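K.L.:
Coordinates for the following, if possible.
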Amino acid sequence: MRVRRAVASAAIVGALVLSPSVAFGYGAEDYTDTGTASTTTPAPGQSFTIRVVGPAGADVTLTITSSANIPDSAIQIAGTKSLTRTTDASGVAVFTVTLNQAGTFTAVVTDTESGEVLSTQTFQVAGSIAEAPGGNLSSTGSEVLPLALGAGAVLVLGSGAVVYARRRQHAHG
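P.N.:
Predicted coordinates for the structure are as follows:
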């Protein structure tokens, strides 16, 4: 009888101890790394979007920084380098971003109220086609000079053959 009572008491105490932790976990969602971008390698001046998912109706802040000495004027998110939006009923916020100078940029989206980081992404903006991801453009077209010299040589040889044939015809005829 004492054993049953001890087991029952232990079960009740365990349930009471664990019940608050279950309540705290209920309904809580993890919004870590919920951001996506339409591109991570935009060209200078090319607009792209960053989409993040967070709690519905929450204010989220996008902040873009650069590790190099790139002025804030090279970053545009509706005219600033940091912008706060309210998520829609689905918890989605979309930012349109334009980076006007070559460099490496980091975009961090945080829940304004809790300070929780929802998304961190890195963007590489190439300064020229040669710096673009994937290397240089492939070479197209051809060199015209060798073709022009070859065509000129064929034309000279053909004209000489015609002149030679006419002279020979007049000499025998």
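
K.L.:
for stretch 95-106, what is the average pLDDT?
P.N.:
In this model, stretch 95-106 has a mean pLDDT of 88.

K.L.:
Name the surrounding residues that touch it.
P.N.:
Outside of stretch 95-106, the residues within contact range by Cβ atoms under 8 Å, 6 or more residues apart in numbering are 42, 44-52, 62, 64-68, 70-71, 73-78, 83, 85, 107, 109, 120-128, 131. Any C-beta I mention is one placed from the backbone N, CA and C, and that applies to glycine too.

K.L.:
give me that answer again for 7 Å
P.N.:
Outside stretch 95-106, the residues that touch it by Cβ atoms under 7 Å, 6 or more residues apart in numbering are 42, 44-45, 47-50, 62, 64-68, 70, 74-77, 83, 85, 120, 122-127, 131.

K.L.:
do stretch 56-74 as well
P.N.:
Contacts to stretch 56-74, defined as Cβ under 7 Å, 6+ apart, come from residues 50, 52, 54, 75, 77, 81-87, 89-91, 93, 95, 97, 99-101, 103-113, 118.

K.L.:
buried sites along it?
P.N.:
When burial is assessed from 16 or more other Cβ atoms under 10 Å, stretch 56-74 yields the following buried residues: A58, V60, T61, L62, T63, I64, S66, I70, A74.
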